[in-house]
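# quick one, what's the 3D model for this:
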Amino acid sequence: MADETTPPGTDAGATPPPAQEHQVNELTPTQNAGPARPIDFLLDVPLTMSVELGRTRMLVNDLLQLGQGSVVELTKLVGEPLEVMVNEKLIARGEVVVLNDKFAVRLTDIISPKDRLDKLS
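This next block holds a predicted model:
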């Protein structure tokens, strides 16, 4: 009779069969796989890009007084470059242009990767 820890159909006193050696074949790249680039999986990650025209600070009371036709003065001067942000991080500066009846930004200065990393810390 087998005890509770012995699998059914086996003898509790029998020795288990010897372990068999298993060979694993070496992995090789597939024929049609192009050169692997470690960051390819990041190319489809969505990012939010925004362009900042300027900023201002105001009291809640002043904000509540705004209406159609109100003018809000910003801190940027005319001709100053706009800030191009990706996920709220400065990556470039540029100027406003019109392209196909829409606003666009012509990049005039790209922030270097070193400077971007320095600002993170």
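
# hey, C-alpha coordinates of stretch 60-71 in CSV?
The C-alpha trace of stretch 60-71 is given here as CSV (Å, rounded to 0.1, in the frame of the first residue of the first chain):
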residue,chain,number,x,y,z
VAL,A,60,-7.6,83.9,-8.2
ASN,A,61,-9.6,87.1,-8.1
ASP,A,62,-7.9,88.3,-11.3
LEU,A,63,-8.5,84.9,-13.0
LEU,A,64,-12.2,85.1,-12.2
GLN,A,65,-12.3,88.6,-13.8
LEU,A,66,-11.1,87.3,-17.2
GLY,A,67,-13.6,87.4,-20.0
GLN,A,68,-13.8,87.3,-23.7
GLY,A,69,-11.4,89.9,-25.1
SER,A,70,-9.3,90.0,-21.9
VAL,A,71,-5.5,90.2,-22.6
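
# quick one, strands of this protein?
Using DSSP state E, the strands found in the chain span residues 49-52, 82-86, 89-99, 102-110.

# show me the shaky parts of this protein.
For the chain, the stretches with pLDDT under 70 are 1-14, 22, 24-36, 121.

# let's see that with 50 instead.
Along the chain, segments meeting pLDDT under 50 span 2.

# kind regards, and thank you for your time.
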